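In: the following block contains a protein sequence and its predicted model.
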Amino acid sequence: MLTNYDKIAQECDDARDVIFIKYADDYMHFKLIGDLSDKTILDIGCGTGSHTRAFRHLGAKKVVGIDYFKEMITIAEKKELSNPLNIEYFQQNIFEPFSIGLFDIVTAFSVISIASSQEELTVLFKSVYNNLLNGGRFIIAGLNPELSPSAYQKCEKYGFKVTCESPQIEGAIITSTLKINNNDVKFEDYYFKIDTYFHCLRNAGFTTINMHLPEISPEGIDKFGKEFWQDFITEKMQLYIECKKTSALG
Ligand SMILES: C[S@@+](CC[C@H](N)C(=O)[O-])C[C@H]1O[C@@H](n2cnc3c(N)ncnc32)[C@H](O)[C@@H]1O
């Protein structure tokens, strides 16, 4: 794990106002999740609980969040304490096998790029598969690793910068820097091709895997205009993958 999230927990909690997160990413997260009424949902790499709390507000009947970094969970638990929503949090390294329960939906937002190898990706995706009900969905979102280096400088107007030590070489370190509360906050991840993600998802048992293109919320279009978002859409700056568990064995 390249990024020590314990040191940037508060910044992560304040990241919801970064332009692309507020007007594109969060919009896509909830669009892909769809109706949550009576659904059970596990958020892996849940951070400070922004999504887990939103899931409960949107009607999910059971929400669990797991994260490896103590400070992130501490902030999530403080929110739970001051305004209880009956959300459970567990400290768990997602690159070691885990068994939390059986859920309708598992989400991984800005998380899979933390994996440093295909082995870690496969362990993670197998655990997700095993924690899903038959017919359940796994929703992945994050920076598009295959974003062309020529587009890196176009990210800044959306609130982030990207650099990669060796673009398009698997295992290379890819750095995204977000402007949060006027500070540059760095997130270091690993580059893997989208095909590699698909390969590891299939290895884990997923047979229905679909990619979705980024979309912008109506508020984002109203505020900045369509033209402003053109690069974000054309360059496919964020990646959204939706997988379904369709095992006859459940
Ligand atoms: C970029 S943040 C995303 C947080 C949240 N999902 C969101 O979209 O706001 C990545 C999260 O993954 C967590 N994380 C990093 N390595 C992890 C690991 N090995 N196991 C579980 N969680 C991990 C971090 O603590 C952090 O909360």
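Out: Received it, and whenever you're ready, just let me know what you need.
In: longest single strand anywhere in the chain?
Out: Using DSSP state E to define each element, the chain has its longest strand at strand 132-143.
In: partner strands of that strand, parallel or antiparallel?
Out: Taking DSSP bridges as the criterion, strand 132-143 pairs within the sheet with strand 103-109 (parallel), strand 238-244 (antiparallel).
In: and the ligand, which of those is closest to it?
Out: strand 103-109 (3.5 Å; CB to the nearest ligand atom). The C-beta positions use only the backbone N, C-alpha and C, and glycine is treated the same way.
In: low-confidence ranges, the chain, go.
Out: 248-250 (pLDDT under 70).
In: bridging residues for the spatially most central residue of the chain?
Out: The residue lying closest to the centre of the chain (CA atoms, centre = their mean) is residue 109, at 0.9 Å. With DSSP bridges as the criterion, residue 109 is bridged to residue 141.
In: so who does it touch?
Out: Each residue near residue 109 by CB atoms under 8 Å, 6 or more residues apart in numbering is listed here: 25, 29, 43, 45, 51, 140, 141, 142.
In: recalculate using a threshold of 7 Å.
Out: Applying CB atoms under 7 Å, 6 or more residues apart in numbering, we find residue 109 in contact with 29, 51, 141.
In: and the first one, that's in a helix?
Out: Same thing as residue 29. Yes. Secondary structure of residue 29 (DSSP: H, G, I helix; E, B strand; the rest coil): part of a helix.
In: mind listing what it touches?
Out: Counting by CB under 7 Å, 6+ apart, the residues that residue 29 touches are 51, 109, 141.
In: give me the secondary structure label for the first one.
Out: Following three-state DSSP, we place residue 51 in the helix state.
In: okay, now it: neighbour count?
Out: By the other CB atoms under 10 Å criterion, the neighbourhood of residue 51 contains 21 residues.
In: ok, and the closest non-adjacent residue to it?
Out: Ranked by CB to CB, 6 or more residues apart in numbering and with sequence neighbours excluded, the top spatial neighbour of residue 51 is residue 43, at 5.3 Å.
In: would the one you found count as being in a strand?
Out: Yes. With three-state DSSP as the criterion, residue 43 is part of a strand.
In: separation between residue 151 and residue 144?
Out: According to CB to CB, to the nearest Å, residue 151 stands 9 Å off from residue 144.
In: find residues that contact each of the two.
Out: With CB under 7 Å, 6+ apart, residue 151 and residue 144 have no common neighbours.
In: for beta bridges, what are the partners of the closest residue to residue 206 other than its chain neighbours?
Out: Take residue 206 and drop its neighbours on the chain: the residue closest to it by CB to CB, 6+ apart is residue 243, 4.2 Å away. Beta-bridge pairing for residue 243 (DSSP bridges): residue 138, residue 209.
In: what's around residue 243, how many residues?
Out: Under the neighbour criterion other CB under 10 Å, residue 243 is assigned a count of 25.
In: likewise for residue 44?
Out: Residue 44 is surrounded by 25 other residues when neighbours are defined as other CB under 10 Å.
In: contacts only, for residue 93.
Out: By CB under 7 Å, 6+ apart, the contact list for residue 93 reads residue 68.
In: look at it and tell me its secondary structure.
Out: From three-state DSSP, the assignment for residue 93 is coil.
In: from residue 47, how far out is it?
Out: The separation that residue 93 has from residue 47, given CB to CB, amounts to 15 Å.
In: same check, this time on residue 157
Out: Taking CB to CB as the measure, residue 157 and residue 47 are separated by 25 Å.
In: okay, these two: which has more neighbours?
Out: Neighbours were counted for residue 157 and for residue 47 using other CB under 10 Å; residue 47 has more, 24 against 14.
In: that's a strand at that one, yeah?
Out: No. Following the definition three-state DSSP, residue 47 is coil and is not counted among the residues of a strand.
In: please enumerate the strands of this protein.
Out: For the chain, the strands defined by DSSP E cover 40-44, 62-67, 88-91, 103-109, 132-143, 160-164, 173-180, 183-190, 208-212, 238-244.
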